[in-house]
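I would like to see how this sequence folds:
(chains A and B)
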Amino acid sequence: MAGVNIKQLYKSFGTTQVLTGIDLDIRDGEFVSFLGPSGCGKTTLLRSIAGLEDVSGGSVWLGERNITQLPPAKRDIAMVFQNYALYPHMNVYKNLSFGLSLNGVPKAEIEERVQTAARILQISDLLKRRPKQLSGGQRQRVAIGRAIVRDPKLFLLDEPLSNLDAGLRVSMRVELANLHRRLGATMIYVTHDQVEAMTLSSRVVVLSKGVVAQFGTPLELFYAPQNLFVAGFIGSPKMNMMKVNASAINEMSIALTSESMSGSIPFQLSAPVQHIPGQLHTFGIRPENVELVEEAEAHMSGNVELVERLGTESQVHVRLDTGQGLTVVTRGTHPVNMGDRVHLKFPAEHCHLFNPEGEAYPRQLDGETRSLIERQETAALCIA
Amino acid sequence: MTTLVVQDEVAEERHRFIEKLTPYLFISPWILGFLFFTLGPLIFSFIMSFYDWPVVGERTFVGLQNYQVMLTEDPLFWDSLWITVKFGLFFVPFNVILGLLLAVLLNQKVIGTGFFRTIFYLPSVISGVALVTIWAWIYSHEYGILNFLLGLAGIEGPNWLGDPNWSLLAIVIASLWGLGGTMLILLTGLQSIPKELYEAAKISGVPAWARLVYITIPMLSPMLLFTVITSIISAFQQLTIALLLTGGGPLESTYFFAMYIYDNAFKYFEMGFAAANSWVMFLIILALSMMVLKSSSAWVYYEGEMKKTEANDD
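Numbers count the residues shown, from 1 in each chain, chains lettered A, B, ... in the order given. Reported below is the predicted structural model:
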């Protein structure tokens, strides 16, 4: 087993820059997800680690070895592909053993490794079948099995669950988590599904346009996004954002005001900030943190355009008097109705604030959240 | 009232008939072509083969006599058949294997593959006569470029078209010049193989030769089967190149079976005999194709199908 170290990695296709100066330190035994919208470079980054893409600059280290120039087979890795990439003309046993038998692994050992992998993945009774005779979930297991038999230092998984239906995806997610615990291997997992990334990973790399937007534990990304991109990308429904003016109250708090807002919001910093540029700040609040209150307490008002009842919660789409749309998540049985006039309050402790460059100010978190984030960080560190 | 209903029924009946007829009308040009230019001559030649059928003069029914003469009394039948088989034994494997190798080379991501694809396919679009003229120059004993090049390497080239030991090989080589068609089919097949299969193999440390043998060839096997069968057929139908390049000589060393039929029909005007020859050729090609098809269940992999034995395992 080994960790992965990526230093100043660049990759371009022709004149298109796909990855720009990626620096990552993935610890031994960690489960790390690359998360981002399509075209953000997450798959290219994974393929660069696998050696399927030549990098334009920088280096990739696995443990103590610089593997940047090594061919894929010499890197001590295994990869699971999005569309499984099973050999359609070989049965499951052959699919699992093919690579081993061509690398001079003794027959008895191949047999043992295949049977062990098949047992772990519960596909022992499918060994004689061809991929075509398997369901999507079974094919996925075989693809993972082909990675396991290699006994690699690093597993690379490229959106392995995206071809499965929703129910199967959830159960395979749980199995993947168990598998990671059981094998204790370092795993890198590419996905565009934030639920997968948040539930499986010890840490998540959020990529945007070939740059690491943030690398942190799932809760860190959710409660302390470092920039507008991560704030908008993590969390569903999306964080509400609007332009505000900011002025320092003292070293540790900033007053947020806007013409359309009654009163101001006292934003609490967790660390002192020297310079507040004043205008063009972006204020963010998650839909579940917006409160429906009486007019006297409210920061803003608007009309309800649509109420989506999901049972456990109701998603209320409000058109503010300024014309901007805003989403509020409230309890499932809240009596609010389409066309109602509602008054909204933005509690200061749940607010996010971003400077004109889109970078977040360090926000004060409550003790409970802070300790949860710390617990996740310790867990991620413990793996190493 | 009753008459109205009956009329309605008749109209509906007619409507239904026209509706059923329409698709056949659309494909009728092809059907007519098939009936008049393929099936018709086929049946006609079969009937002809039981007749003594000179181009002019009395036609007489002779039963199986044409077949009997061919098989027992005419040594040229066996000689020309043997020459054709020898040709096929060289031509078919080389056509398929070289076509495959070219396709694999042209499937690489290298600059200029588009250019080379065109170059290699070009001979396939050149007319047979022009092609033969070019090869006649290449093979010329005294002035040919082939012997000139061999001479540069210090080898004295043979009289390619004049020496019975070399003439058949010369025709094999000239025929292989047109393997662009085979190459194109296999290239298309190669490009339809998902590239992830190769990437997965690369990561598993499968060497390049094994990727060709264990992934490319099985995935390509339906196309290979097709090219093997069409190569066998074109080997048996070899006529143009031999007719124009050597005329069957020297010493009848390139006297192909198709040429034997051609001579019987248009030189000796023995139409009935030539028809019997053609039917024997047809049966041989049919038998060979069936054999290849029969064997294919062991080596051809079709997406979505499985071998019978495997299906029974489950």
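
Now find how far off-centre stretch A:136-148 is within its chain.
Distance of stretch A:136-148 from its chain centroid, counting by Cα atoms, centre = their mean, to the nearest Å, is 23 Å.

pull the CA atoms of it into PDB?
Extracted as PDB, the C-alpha positions of stretch A:136-148 are listed here (Å, rounded to 0.1, in the frame of the first residue of the first chain):
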ATOM      1  CA  GLY A 136     -25.200  -4.500 -14.700                       C
ATOM      2  CA  GLY A 137     -24.400  -5.000 -11.100                       C
ATOM      3  CA  GLN A 138     -22.800  -8.400 -11.700                       C
ATOM      4  CA  ARG A 139     -20.700  -6.900 -14.500                       C
ATOM      5  CA  GLN A 140     -19.600  -4.200 -12.100                       C
ATOM      6  CA  ARG A 141     -18.500  -6.800  -9.600                       C
ATOM      7  CA  VAL A 142     -16.500  -8.600 -12.200                       C
ATOM      8  CA  ALA A 143     -14.800  -5.300 -13.200                       C
ATOM      9  CA  ILE A 144     -13.900  -4.700  -9.600                       C
ATOM     10  CA  GLY A 145     -12.800  -8.300  -9.300                       C
ATOM     11  CA  ARG A 146     -10.400  -7.800 -12.100                       C
ATOM     12  CA  ALA A 147      -8.800  -5.000 -10.100                       C
ATOM     13  CA  ILE A 148      -8.700  -7.000  -6.900                       C
END
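
which residues are in contact with it?
Applying Cβ atoms under 8 Å, 6 or more residues apart in numbering or on different chains, the external contacts of stretch A:136-148 come out as A:78-81, A:84-86, A:92, A:95-96, A:99, A:114, A:116-118, A:120-123, A:126, A:131, A:134, A:155, A:160-161, A:163-165, A:168, A:171-172, A:176, A:179, A:183, B:200, B:204. (C-beta placed from N, C-alpha, C; glycine too.)

same deal with stretch A:267-281?
A:243-248, A:251-256, A:283, A:348-349, A:351, A:353-356, A:361-365.

For that stretch, the averaged confidence score.
Across stretch A:267-281, pLDDT averages out at 82.

Put the alpha carbons of that stretch into CSV.
The C-alpha trace of stretch A:267-281 is given here as CSV (Å, rounded to 0.1, in the frame of the first residue of the first chain):
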residue,chain,number,x,y,z
PHE,A,267,-21.3,37.9,9.8
GLN,A,268,-18.9,36.4,12.3
LEU,A,269,-15.3,35.6,11.2
SER,A,270,-13.2,32.8,12.7
ALA,A,271,-10.0,34.7,12.0
PRO,A,272,-9.3,38.4,11.6
VAL,A,273,-9.3,39.8,8.1
GLN,A,274,-7.2,42.9,7.4
HIS,A,275,-9.0,44.5,4.4
ILE,A,276,-12.7,44.5,3.5
PRO,A,277,-13.1,45.9,-0.1
GLY,A,278,-16.6,47.1,0.6
GLN,A,279,-18.8,46.3,-2.4
LEU,A,280,-19.5,43.4,-4.7
HIS,A,281,-19.4,40.7,-2.1
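
ranges for the helices of the stretch 201-350 of chain A?
Assigned by DSSP state H, counting those that start in this stretch, the helices in the stretch 201-350 of chain A fall at A:218-223, A:228-233.

Report the secondary structure state of whichever residue of the stretch 51-200 of chain A sits closest to chain B.
For the stretch 51-200 of chain A, the residue closest to chain B is residue A:99, as judged by Cβ to the nearest Cβ, at 2.7 Å. Following DSSP: H, G, I helix; E, B strand; the rest coil, we place residue A:99 in the helix state.
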